[in-house]
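In: turn this into a structure:
(chains A and B)
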Amino acid sequence: MKNYSYFPGCSAEATASPLGLSVLPVAKELGMDLTELEDWGCCGSSPFGSVDKLEATCIAARNLALAEKAGLDLVTPCSNCFVVLRGADANLKQYPALRRQVREALSAAKLDYKGGVRVRHLAEVIYTDITPRVIEAKVTKPLKGLKVAPYYGCQLVRPDGFDNPESPHSLDELVASLGADAVSWELKARCCGSSLVMPELEVALGLIHKLLRNAQENGAQCLVTPCPLCQINLDAYQSLVNRRFKTKYNLPVLFLTQLVGVALGIRPEELGLSRNIVSPMRVLAPYL
Amino acid sequence: MAEVSFIDEVCSIPGGEAIRSCIQCGMCTGSCPTASRWDYPPRKVIAMVRAGLRDELLSSNSMWFCASCYTCTVRCPRDIKPTEIMHVLEVLAIKDGLSTKRSRTPVMYQCFVDSAKDNGRVYELGMMLKLFLKTNPFAALKLAPVGLGLLLHQRLPLKPNRIKGIAQLRAILDKAKALGGAK
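Out: Have a look, this model is predicted:
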């Protein structure tokens, strides 16, 4: 067993609940012991850093301080939490004046952060610590013949995530380790509009439309992504894209942990498959 | 005390310091997935900071269209991190009450921050309702099918999830407020 502190992120409890559900059985099956960080709070997310930098760093640093006490790598399945927590850690190291302010603020709650936490994305941990080779050996239901478009989104691979920021390959390898065909498509690491979908719906729908079109044109039967924001935009907003652009997309968008879970033979209920808006049951039927 | 120039102001905030290295090559604008919507696209934003066009830029809709995809940041040949600069400009626009009403994004960000402060975790449904009440309640109708879909698929809890350490979090944030902006 490999031990980690686990940071689900707010959306894994709500709009991305299929992610929150599917992480745990898959981690167990893969030999990862995830201990949820006690009383974790919002990471601050991108909006907080656009409103007040000091407060944003503090809200992230509270989580880093809690994780430092636990003494393990802090693993999150959310690409935005990953970028924000890692960014806060990097800024605390780079800017001494900011570090002094944040430590003083944390002391109001008898907390301190000395800079000893390694923030990691769950997809990176699965790829690096578990490895596609080991996963392949654990697969009980090979996804033979299933054409999957691996969708990386942005914040898993940029600004300084893991994998190539322009042309990443890790999810392709993970998809292949499950026995499925990883579809090659140009937009696999391009933007879905993220939280702009709420205030600027039209802009986001345009971006989502391009992604769905490119994946479908390259023969994808479904997409797979580790990111909650990407999954929500491509899944929950797909019907609005169809209405806006007079298209008929019916492309299921699975979380990485859901797809891995199916190949490991984990039951659909444990993976929250019925919670996907575009039902994946038709394309997954041969493997369930 | 002499007035601080706009570019010095941006440079003094974490993330803004590399802006002087910009060579105006336009890689940022060419890489931006939303640039066509910006009043002034990314390359021009940076030129405006250097030209001291503070109010004109901070009251524009430009930086509010940044989706934090970091494509410009990884491609910039001068490592100036345009994404971070956009975040710095957003902070300054809010601080001075200049943020535009032509985009709902500034209000959304504020609703998000309020939600995180209220509960220690973001309550997505509450945040969305507040956003539309504060901007245009009718715009929410367009999103009604999405909300209903999420609700029917058990993805939109009707109650917030509050952390136990909410008093602790508030003490941290109160202290941060007393310390002023990020130095």
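In: mind listing what's buried in the strand or helix carrying A:Arg213?
Out: Using DSSP states H and E, A:Arg213 sits in helix A:201-217. Residues A:201, A:203-216 are the ones in helix A:201-217 that count as buried (16 or more other CB atoms under 10 Å in any protein chain shown). All C-beta spots, glycine's among them, are computed from the backbone N, C-alpha and C.
In: next one: stretch A:169-180 to chain centre, how far?
Out: Centroid separation for stretch A:169-180 versus its chain: 16 Å, with CA atoms, centre = their mean, to the nearest Å.
In: related to what we said a few turns ago, A:Ala109: which of the buried residues of helix A:201-217 is nearest?
Out: Closest approach to A:Ala109 among the buried residues of helix A:201-217 (CB to CB): A:Ala204, at 36.6 Å.
In: hmm, A:Leu211 and the closest one touching each other?
Out: No. Using CB atoms under 8 Å, A:Ala204 makes no contact with A:Leu211, being 10.6 Å away.
In: which neighbours do these two have in common?
Out: A:Cys192 (CB atoms under 8 Å, 6 or more residues apart in numbering or on different chains).
In: domain assignment for chain A?
Out: Per the record, chain A has its domains at A:2-122, A:139-287, by automatic domain parsing.
In: same question for chain B.
Out: As assigned by automatic domain parsing, chain B contains the domains B:6-95, B:105-179.
In: winner for burial among those?
Out: domain B:6-95 (a mean of 20; mean count of other CB atoms under 10 Å in any protein chain shown).
In: burial check on the residue lying closest to A:Ile135 once chain neighbours are set aside, number of neighbours?
Out: Spatial nearest neighbour of A:Ile135, excluding adjacent residues (CB to CB, 6 or more residues apart in numbering or on different chains): A:Ser177 at 4.6 Å. Using other CB atoms under 10 Å in any protein chain shown, A:Ser177 has 25 neighbouring residues.
In: give the bridge partners for the residue lying closest to A:Asp129 once chain neighbours are set aside, please.
Out: Excluding the flanking residues, the one nearest A:Asp129 by CB to CB, 6+ apart is A:Lys2, at 5.8 Å. On the basis of DSSP bridges, A:Lys2 is bridged to A:Met32.
In: was I right about A:Lys2 contacting A:Asp33?
Out: Yes. The criterion here is CB under 8 Å, and A:Lys2 meets it with A:Asp33 at 6.6 Å.
In: those two: which is more packed in?
Out: A direct count of neighbours by other CB under 10 Å for A:Lys2 and A:Asp33 places A:Lys2 higher, at 15 against 12.
In: next, work out how far apart the more buried one and chain B are.
Out: Between A:Lys2 and chain B the distance is 27 Å, computed by CB to the nearest CB, to the nearest Å.
In: so for that residue, what's the pLDDT?
Out: pLDDT recorded at A:Lys2 is 93.
In: over to B:Ala140?
Out: With respect to pLDDT, B:Ala140 scores 85.
In: enumerate the residues of the stretch 151-288 of chain A near chain B.
Out: Residues of the stretch 151-288 of chain A found near chain B (CB under 8 Å from any CB of the partner chain) are A:154-155, A:158-159, A:165-166, A:190-191, A:193-196, A:198-201, A:203, A:207, A:236-237, A:239-240, A:274-277.
In: tell me the buried residues within those.
Out: A:154-155, A:158-159, A:165, A:190-191, A:193-196, A:198-201, A:203, A:207, A:236-237, A:239-240, A:275-277.
In: pretty sure B:Ala18 contacts B:Pro82?
Out: No. B:Ala18 sits out of contact with B:Pro82 when judged by CB under 8 Å, with a separation of 9.6 Å.
In: mind checking how far stretch A:166-185 is from the chain centre?
Out: When distances are taken as CA atoms, centre = their mean, stretch A:166-185 is centred 16 Å away from the chain's centroid.
In: hmm, who's touching that stretch?
Out: A:123-124, A:126-127, A:132-133, A:135-136, A:139, A:142-152, A:156-157, A:162-163, A:188-189, A:214-215, A:217-220, A:224, A:226, A:256, A:259-260, A:263, B:74.
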